[in-house]
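**Student:** need a structure here:
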Amino acid sequence: MNQIKPTGNKPPNNAGGYTQGSVNRHIFKLSSVMIFAFLAMTLGGLIEVFYLGMVGKDELAAITFTFPVAMSLNALARGIGMGAASLIAQAMGKKLREQAALLINHCYLLVIIFTIFLAFVAQWFGPLIFSSLGASGRVLELTIDYMQVWLIGFPMMGLAMTSNGMIRAFGNALFPGYIMTLGPAIQVLLGPFLIFGWFGLPAMGIVGAAWAFVVASICQILLASLWFIWQEKLLRPTLNSFTQSSYNILHVGIPAAATNMIQPLSAAVVTWLIAGYCNTVVAGFGVASRIEAVVAMVVIGIAASVVPLVGQNWGAGQYQRVFETLRSCYIACLIWGFMAAGLMWIGADFFIQLINDDPKLRESGIAFLYIVPFSIGFMGLMNVSTHTFNALRKPAPALFLSIARLLVVYIPLAMLASHFYGYIGVFVATAATNVLMGVVAVLWSTIIIRRQRDQRIAASSTESI
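**Tutor:** Take a look at the predicted model:
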């Protein structure tokens, strides 16, 4: 694939910063920042659910129906960012700062166009999507009211999420944590004023939660702009090579976005299946999935360290460091997964009651927390593997794995289990799919990486003759 031809490149002080030093230390630094930031995000979402639980069960059900759509839109935006991050990491591994700067500028422009387009599409088709998922009556009205406001902030959120990946790939592990933590902090602090109408403000309920998200997203992209424009001085107001940059970014970005879509599509399948029971069961699933997401964010944070670490070391030809990175990430995911499962088993009833004590809601929520968290570590294995494929700019295997997970394994298993065992069967199908596909992903990614390494070494040897 053709690459952008940089001119006048000067390696920055932090270029290739992950190609030297302890791999485990780099993983810890990258992961700890991202884990803290992801925890802040998921805790912010959980507190939002706590606020809405004080308003009513219909609001809890409505926010649950928004999860798959919001997750899908975020996944699509992150895919473009992953395409850019893989290029930026390899450029920085080769000490090509100007090439990285140009890619960052062009990625921002792509994301602006893409997210605004998605926001308009989601506004238009939102009612049809939510009714198809099973929302009806007042719950459907609340769901649409929330998303119409949420979509105003989505382009800013998309830019902020994209910034996080590019900043990590550039070599700064700390700043993305500030960006990701700022948004949830604002939502948590501002939410009660808008939801409950504190200090004379109108009580807007679920719509107030959406406006808190909009304000938080604006603040996040403003903070990201500080790094981009003032700290690193990476602004390049030019469209030179924009077409080539877009092609290179989307070569990985489109498959990565499609891969990212598998998780929200799986959530949509679960929501659709559970909606066939009652809104209280849906609300219990929504509460439990937000609680589970808090501990699951640890393995997501570990996987987030893969693109910059693998990308820079692969670009620098440090293959042993690539394998060391993956081995450490796999072990960390499994260890945390079993610890998280134990925590959820012990505290499931207590955690659910913090949000709502309705017996039917507690029943479905506790069942989820007894079953699904067991598979968190294996979900982490698949995330690490798919991030690795994208870091190597080989998105096809990651996309194939994700499609196989959804269409070949999960949907048939979930529908079959739902028929025989009700919503409990859906939860069991989710856990079983995570375990199976996590193991398959590790085996396949190991084979692909070794083959690619051998091909690059052979090509390098041929060129040197």
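**Student:** drop to CA atoms for contacts and neighbour counts, all remaining ones
**Tutor:** Fine.
**Student:** strands of this protein, residue ranges please.
**Tutor:** Here the chain has no strands by DSSP state E.
**Student:** centre-most residue in it?
**Tutor:** Centroid-nearest residue in the chain, with CA atoms, centre = their mean: A75, separated by 6.2 Å.
**Student:** from A169, how far off is that residue?
**Tutor:** In this view, A75 and A169 are 18 Å apart by CA to CA, to the nearest Å.
**Student:** what of P176?
**Tutor:** From P176 to A169 the distance is 11 Å (CA to CA).
**Student:** and the two? Which one has more around it.
**Tutor:** Taking neighbours as other CA atoms under 10 Å, P176 and A169 compare with A169 leading, 34 against 26.
**Student:** wait, that one touches I88, no?
**Tutor:** Yes: between A169 and I88 there is a contact at 5.9 Å, judged by CA atoms under 8 Å.
**Student:** tell me the contacts of the closest residue to G44 other than its chain neighbours?
**Tutor:** Excluding the flanking residues, the one nearest G44 by CA to CA, 6 or more residues apart in numbering is P184, at 4.8 Å. By CA atoms under 8 Å, 6 or more residues apart in numbering, the contact set of P184 is A40, M41, L43, G44, G45, A216.
**Student:** let me know the pLDDT of A288.
**Tutor:** Note on A288: pLDDT of 87.
**Student:** can you report how many residues lie near it?
**Tutor:** A288: 26 neighbours (other CA under 10 Å).
**Student:** now it, nearest residue through space, not along the chain?
**Tutor:** In space, and not counting its chain neighbours, A288 is closest to G365: 4.8 Å by CA to CA, 6+ apart.
**Student:** for the one you found, grab the count of nearby residues.
**Tutor:** Here the count is done by other CA under 10 Å, and G365 has 27 residues near it.
**Student:** identify all contacting residues around stretch 355-368.
**Tutor:** Contacts with stretch 355-368, where a contact means CA under 8 Å, 6+ apart, come from 49-50, 53-54, 280-289, 348-349, 352-353, 423-424, 427.
**Student:** by contact count, what packs against the helix or strand bottoming out on mean pLDDT in the chain?
**Tutor:** Counting by mean pLDDT, DSSP states H and E, the weakest-scoring helix or strand in the chain turns out to be helix 262-274, with a mean of 79. Applying 3 or more CA pairs under 8 Å, 6 or more residues apart in numbering; DSSP states H and E, one finds that helix 262-274 makes contact with helix 57-93, helix 97-133, helix 279-304, helix 411-464.
**Student:** buried sites along it?
**Tutor:** For helix 262-274, the neighbour count (16 or more other CA atoms under 10 Å) marks 262-274 as buried.
**Student:** what does stretch 196-204 give?
**Tutor:** Going by neighbour count (16+ other CA under 10 Å), the buried part of stretch 196-204 is F196, M204.
**Student:** let me see the confidence value for V408.
**Tutor:** For V408, the pLDDT comes out at 87.
**Student:** for V188, which non-adjacent residue is spatially closest?
**Tutor:** Counting by CA to CA, 6+ apart, V188 lies nearest to G44, which is 6.0 Å off, once chain neighbours are set aside.
**Student:** what is the burial count for the one you found?
**Tutor:** By other CA under 10 Å, 23 other residues sit near G44.
**Student:** with L189 instead?
**Tutor:** Neighbour count of L189, defined by other CA under 10 Å: 12.
**Student:** equivalent analysis for G177, please.
**Tutor:** Neighbours of G177 (other CA under 10 Å): 21.
**Student:** ok, it - contacts?
**Tutor:** V33, M34, F36, A37, N164.
**Student:** make a ChimeraX selection of the buried ones in the residues you listed.
**Tutor:** Command for ChimeraX, covering only those of these found buried under the criterion 16+ other CA under 10 Å:
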select :33,34,36,37,164
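**Student:** report the separation between the closest residue in space to T42 that isn't next to it in sequence and L46.
**Tutor:** Leaving aside its sequence neighbours, T42 sits nearest to V294 (CA to CA, 6+ apart; 5.3 Å). For V294, the distance to L46 equals 8 Å [CA to CA].
**Student:** also I113?
**Tutor:** 30 Å.
**Student:** of the two, which one has the most company?
**Tutor:** For I113 versus L46, neighbours defined as other CA under 10 Å are more numerous around L46 (23 against 11).
**Student:** hmm, that one is touching E292, no?
**Tutor:** No: if you go by CA under 8 Å, L46 and E292 don't touch, sitting 9.8 Å apart.
**Student:** returning to that earlier point: so which of the helices and strands packed on helix 262-274 is nearest A316?
**Tutor:** helix 57-93 (5.4 Å; CA to CA).
**Student:** which ones are touching L369?
**Tutor:** A288, S289, E292, M344, W345, A348.
**Student:** now with 7 Å, please.
**Tutor:** A288, E292, M344, W345, A348 (CA atoms under 7 Å, 6 or more residues apart in numbering).
**Student:** ok, which pair from those residues is furthest apart?
**Tutor:** Longest span within the contacts of L369, CA to CA: A288 and W345, 12.2 Å.
**Student:** need the buried residues of helix 262-274 in JSON lines with distance to I376, can you?
**Tutor:** As requested, these are exported to JSON lines (distance: CA to CA, whole Å):
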{"residue": "I262", "distance to I376": "16"}
{"residue": "Q263", "distance to I376": "13"}
{"residue": "P264", "distance to I376": "16"}
{"residue": "L265", "distance to I376": "18"}
{"residue": "S266", "distance to I376": "15"}
{"residue": "A267", "distance to I376": "15"}
{"residue": "A268", "distance to I376": "19"}
{"residue": "V269", "distance to I376": "19"}
{"residue": "V270", "distance to I376": "17"}
{"residue": "T271", "distance to I376": "19"}
{"residue": "W272", "distance to I376": "22"}
{"residue": "L273", "distance to I376": "21"}
{"residue": "I274", "distance to I376": "21"}
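**Student:** tell me which of those is nearest to P202?
**Tutor:** Out of those, the member with the shortest distance to P202 (by CA to CA) is T271, at 31.5 Å.
**Student:** list just the nearest of the buried residues of helix 262-274 to M157.
**Tutor:** Using CA to CA, P264 is the member of these that sits closest to M157, with 17.0 Å.
**Student:** need the nearest residue in space to that closest one, chain neighbours excluded.
**Tutor:** In space, and not counting its chain neighbours, P264 is closest to P68: 4.8 Å by CA to CA, 6+ apart.
**Student:** wait, that neighbour touches S266, no?
**Tutor:** No: with contact defined as CA atoms under 7 Å, P68 does not count as touching S266 (8.2 Å).
**Student:** that older thread, now, which of the contacts of G177 lie within helices?
**Tutor:** Counting by DSSP state H, the members of those that fall within helices are V33, M34, F36, A37, N164.
**Student:** could you work out the most separated pair of those?
**Tutor:** Maximum distance among the ones in helices among the contacts of G177 (CA to CA): 13.5 Å, for F36 and N164.
**Student:** about what we covered before: and the pLDDT at the residue nearest to P264?
**Tutor:** Looking at P68, its pLDDT is 83.
**Student:** from M261, how far out is it?
**Tutor:** As judged by CA to CA, P68 and M261 stand 9 Å apart.
**Student:** run a quick neighbour tally on L194.
**Tutor:** Using other CA under 10 Å, L194 has 24 neighbouring residues.
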